[in-house]
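Participant: Have a look; sequence and predicted model below, questions after that.
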Amino acid sequence: MTMTPTAAKPIAADERVGQRNPLQKLLGRPEVGALVGAVVLFIFFASVSQTFIQPNAFATVLYGSSTIGIMAVGVSLLMIGGEFDLSTGVAVISSALTASLFSWYFTTNVWVGVILALAVSLGIGLINGWILVKTKLPSFIVTLASFLMLTGLNLGLTRLIGGSVSSPSISNMDGFDSAQAVFASSVSIGGVDVKITVFIWIALVAVASWILLRTRVGNWIFAVGGDANAARAVGVPVTKTKIGLFMAVGFCGWILGMHNLFAFDSVQSGEGVGNEFLYIIAAVIGGCLLTGGYGSAVGGAIGAFIFGMANKGIVYAQWNPDWFKFFLGLMLLLATIVNLIVKRRAELK
Amino acid sequence: MAKFSWRTAAVVAAVVPLVALSACSSQGGKPADSGGGAAAGQVASTDRIKIALITHAPPGDTFWDTVRKGAEEAAAKDNVELLYTSDAEAGRQAQLIQQAVDQKVDGIAVTLATPDALKDSLKKATEAGIPIVSLNAGESVSKQLGAFTHFGSNEKLAGEAVGERLAAENFKHPICVIQAQGHVGLEARCAGVKAKVPGTEILYVNGADMTSVESTATAKLQASKDADVIIGLGAPITLTLIKSVSTAGSSAKVASFDLNKELAQKIADGGVLFTVDQQPWLQGYGAIDAIWQNKRGGFTIGGGQSVLTGPAIIDKANATDVLKFAEQGIR
Amino acid sequence: MNAQQIDQQTLLKDEKDPLTHTPVHLLSLENVGKHYGNIIALRDVTMAVDNGRVTCVLGDNGAGKSTLIKIIAGLHQHDEGTLHVMGDARKFSSPREALDAGIATVYQDLAVVPLMPIWRNFFLGSELTSGFGPFKSMDVQKMKDITKKELADMGIDLRDVEQPIGQLSGGERQCVAIARAVYFGAKVLILDEPTAALGVKQSGVVLRYILQARDRGLGVIFITHNPHHAFPVGDRFLLLKRGKSIGYYDKKDITLDELTAQMAGGAELAELAHELEQLGGHSDALEEVKAEVAGVADAAPESPSKKH
């Protein structure tokens, strides 16, 4: 092996491995595959549809992305922590139903219901996580069970309390306007109305990224997902971390649930089924490993953005929507393969 | 975020009821007395019979709630024990029919959304001498599958009624929003609209996610500037479309199928042009009552034809009248 | 058997350890046992660890070595006997508790989280933070610097502490884990088969780190099945077989050959030689085994040797 001139420095660099240049470092990031996909998709839809790049239309795309993205933040963290949650779709609706039915039935200020819904959402996460760590069953089974139970509770309790399968409208109750301003208003930026969920989404991504990269809890999340036994052996509170992650997902579900409630006044008790997969898809497209220990919150956000662009882009491009699901599946496959290739390349160099 | 403190939980648990007591809403909420129910009237003196109502309703659909209320009211009046079951999946709906036959019910009211899948089970019911009435879906195959009458509205006719009305009001470019891709009845409604207004476009949305309904419809309205009316095929969907129209800043009007309390209010207020109601309460009530009549005196209503429960158009002119019934959940 | 077994009493009375100023051991086990249901994983094990000393635990697969370290590391609790740390009887209910008592464990296979960067692994579970309340964040730069310095002190030169630890060689990973334990002020360092999956050179490197840790005053428990690795670095040797102690020796009382003989069991080696001979062709291997058998026969003349 020939020595390069740089090897003459006081501390000799290992000659077997060259310095990784910044580009390679960038390629080693989990979300890079998704980022490439997002850029390609954006250019593609921008070129086939004039409407797509207009500010108003783009605000709609962002709104569509944010309603997936808010949940994808929590789900990404959970997946990095090595678990996933199938109950997220209906848990969102459970939260919304709790808030609306409680404040309607007891005729309270809607904020009381909102706070109670937060407690319920965190409680669902707590129970999911607690059962998981106590029984050591796979999260697939535990959250599938809670998915079914919540679906049933949503339907059953809504009919029992509200007398119908959709929650009664609470739009004329005290506190509704202020709650709507917090969870379901629009902000005008240069004449374009942008939904508040977009800002909540961005804020959540920022907080989650900070937690993941800059706090010890973030370190623990990577560790429990990467190797729970190793993490436990060095003193990481694995149980608490996992339960905390499920509760973080619950928190995101609460935000989205409140948006659902205050944007549409009432909630259909049968809604939400199937959405859990969209959140997981967003996280996976964004580079989170299904097996845990790898990924980023930003990746999940890009995944949600890709989903939002594809979903709305097909409408702007005036395509036959029969094929949407097929393209979604194809995109998921391509994104994961790109991720895999990029990751292997980056690690080999 | 990841830490959980039992102390915090205890505080929350203690504070919430306190806040709840001190933070009552000055308006809205549950009415103090929700009014007389269905069971208040007189009950028929005939022997108690058992009737199964088996639908293809997906869980949590307001429409079927109303059908069920109609059926329950008929059952209460006719001294009938009502067995309500539903499954959106065809194979399992067939099993439900089979179970009803096994339970030796005195009559079966059934929706025929997937006639081929239900054929064999219904044959067994016929062989067991159980009278059958079909409702809602399956008008064309009703007689063939052994039902002596059918209560429902023809989806295509309903769609055409909407189309005619739109054409009369000079709308050229409607968007028909289907919330479940591949649903026969919903596709027929939009096809009916399109038969009368050729400029009709179809938009598919995910009915399980209202935020997605809103944003997708917004996107469509932004893309199709010349759209002049957008049609929701269910009351909750329509209510969401109203928001899409305002978000997109579109000048399109809103029309609808089906009805609920909030939609009736919107029509009365002028936010929605009109809706076509197939009067689901009547379908449930009629189906159960027809079986009772059949038991009582061998009557067959409809004279071998189906009994149409719609289309009934509700617009600003009659919305306030309908509203008070919608508030009781029967319209 | 000419190797003289030591027991707790003789150790307590006679030991003159320059680093141990108190008559209590840093860590000691008396008649410790553990069973899982009706399966006895470990019974009647007695051993001690002192500052600046290496206690080697030797045994074949299934001898009970991992059960033993799990008890000391707090992953399992013993059912019989007592575990003393600095003279206090303890029973650890979690690895965290054991860590707080100064017992750090470096596992063979689960020492680290492969996908995480080296510096994150180094500080995992004991991250440095700055700020207060909910805004406490990790002091990333400081953690990276410390990682780099600590590893350099141990003689490990890494280019980039950001690289996933899974990209390091097995020996390097062990060294990171050892450096980590030393940095975090471990008093007792348990090394679980650190050389098992390594080549000759890498093993040598790891053995050197064991000595370094010892020289820093740590009590080291070195688990291995290789007497050639254990003998040069060990001060005491505990031999386990089928969950039982079959010998506990001080270094001055035993030779490498004796240790090897005890480990392998002369009879079994003789049988292997016999089999190889019958198969034929493996002359090199045969010579080697025969030499071993001769060594065993010399070291332990009382052990029954088979004729062949």
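Facilitator: Now that the structure is in, tell me what you want to look at.
Participant: Check the secondary structure at residue 248 for me.
Facilitator: Since you didn't name a chain, this refers to chain A. When classified by DSSP: H, G, I helix; E, B strand; the rest coil, A:Ala248 comes out as helix.
Participant: Let me rephrase: I mean chain C.
Facilitator: strand.
Participant: State the number of residues packed around it.
Facilitator: 21 (other C-beta atoms under 10 Å in any protein chain shown). The way it works is simple: take the backbone N, C-alpha and C, and place the C-beta from them, glycine included.
Participant: May I have the residues that are in contact with the residue of the stretch 1-150 of chain B found nearest chain A?
Facilitator: Closest residue of the stretch 1-150 of chain B to chain A, C-beta to the nearest C-beta: B:Gly60 (2.1 Å). By C-beta atoms under 8 Å, 6 or more residues apart in numbering or on different chains, the contact list for B:Gly60 reads A:Asn154, A:Leu155, A:Thr158, A:Val165, A:Ser166, A:Gln268, A:Ser269, A:Gly270, A:Glu271.
Participant: Buried only: go through those residues for me.
Facilitator: Among the contacts of B:Gly60, those classed as buried by neighbour count (16 or more other C-beta atoms under 10 Å in any protein chain shown) are A:Asn154, A:Leu155, A:Thr158, A:Val165, A:Ser166, A:Gln268, A:Ser269, A:Gly270, A:Glu271.
Participant: how close does the fourth one get to B:Pro59?
Facilitator: Think A:Val165. A:Val165 sits 8 Å away from B:Pro59 when distances are taken as C-beta to C-beta, to the nearest Å.
Participant: which residues do the two both contact?
Facilitator: Contact criterion C-beta under 8 Å, 6+ apart; residues shared by A:Val165 and B:Pro59: A:Leu155, A:Ser269, A:Gly270.
Participant: Helix, strand, or coil at the last one?
Facilitator: State at A:Gly270, reduced to three classes by three-state DSSP: coil.
Participant: ok, it touching A:Asn154?
Facilitator: Yes - A:Gly270 lies in contact with A:Asn154 (C-beta atoms under 8 Å); the separation is 7.4 Å.
Participant: pLDDT at A:Asp322, what is it?
Facilitator: Here the pLDDT value assigned to A:Asp322 is 72.
Participant: is it true that it lies in a helix?
Facilitator: Yes - applying three-state DSSP, one finds A:Asp322 inside a helix.
Participant: Isn't it up against B:Gln181?
Facilitator: Yes - under the criterion of C-beta under 8 Å, A:Asp322 makes contact with B:Gln181 at 7.4 Å.
Participant: Who has more neighbours out of the two?
Facilitator: B:Gln181 (16 against 10).
Participant: backbone phi and psi for the more buried one, please?
Facilitator: Main-chain dihedrals, B:Gln181, degrees, to the nearest 10: phi -60, psi 130.
Participant: tell me the contacts of the residue nearest to it when sequence neighbours are not counted?
Facilitator: Distances taken as C-beta to C-beta, 6 or more residues apart in numbering or on different chains put B:Tyr204 closest to B:Gln181, at 4.7 Å, once the chain neighbours are dropped. The neighbours of B:Tyr204, taking C-beta under 8 Å, 6+ apart as the test, are A:Pro321, A:Phe324, B:Val177, B:Ile178, B:Gln179, B:Gln181.
Participant: got a winner among those residues for most neighbours?
Facilitator: Using other C-beta under 10 Å as the neighbour criterion, B:Val177 leads those with 28 neighbours.
Participant: follow-up on the earlier one: partner residues bridging the residue nearest to B:Gln181?
Facilitator: Legend: beta-bridge partners of B:Tyr204 under DSSP bridges are B:Ile178.
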